[in-house]
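K.L.:
let's see this in three dimensions:
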Amino acid sequence: MQLTDATFAQSVGTGTVLVEFWAQWCGPCHMLSPILDEIDRERDDLTVLRINADENTATARDFQVMSLPTMLLFRDGVPIRSIVGARPKSRLLAELDAALTA
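P.N.:
Predicted structure coming up:
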């Protein structure tokens, strides 16, 4: 699901949500996309959402997103982990699991 500045706060307000900040021109973002789709299908404890940082600059600014891709992990609306850059699925899952068990 694609978020916007207008829908962001409501969409991350409940549960555990991983948000990818991406842009159309970002090659690593496109490489990460199928990995995030897999994680979203496989994990019941996590929702994966995306927001185009070029089209939604207020949210990107509010969360100080300086590099793409950036993923922010939220628990009930509170950011608990920032992950910058593309990663293999196994490494990304390890980082997510570490943040969720902390």
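K.L.:
looks to me like I83 is in a strand.
P.N.:
Yes. Checked against DSSP: H, G, I helix; E, B strand; the rest coil, I83 lies within a strand.
K.L.:
near the closest residue to it other than its chain neighbours, how many other residues are there?
P.N.:
Nearest residue to I83, sequence neighbours excluded (CB to CB, 6 or more residues apart in numbering): M71, at 4.4 Å. Quick note: C-beta positions are derived from backbone N, CA and C, even for glycine. The number of residues packed near M71 is 24, by other CB atoms under 10 Å.
K.L.:
same question for P69.
P.N.:
25.
K.L.:
so it makes contact with W25?
P.N.:
No. The criterion here is CB atoms under 8 Å, and P69 misses it with W25 at 11.7 Å.
K.L.:
picking that back up, the residue nearest to I83: which element?
P.N.:
For M71, the host element (DSSP states H and E) is strand 70-75.
K.L.:
center of the protein, which residue is that?
P.N.:
Central residue of the chain (CA atoms, centre = their mean): V19, 2.1 Å from the mean position.
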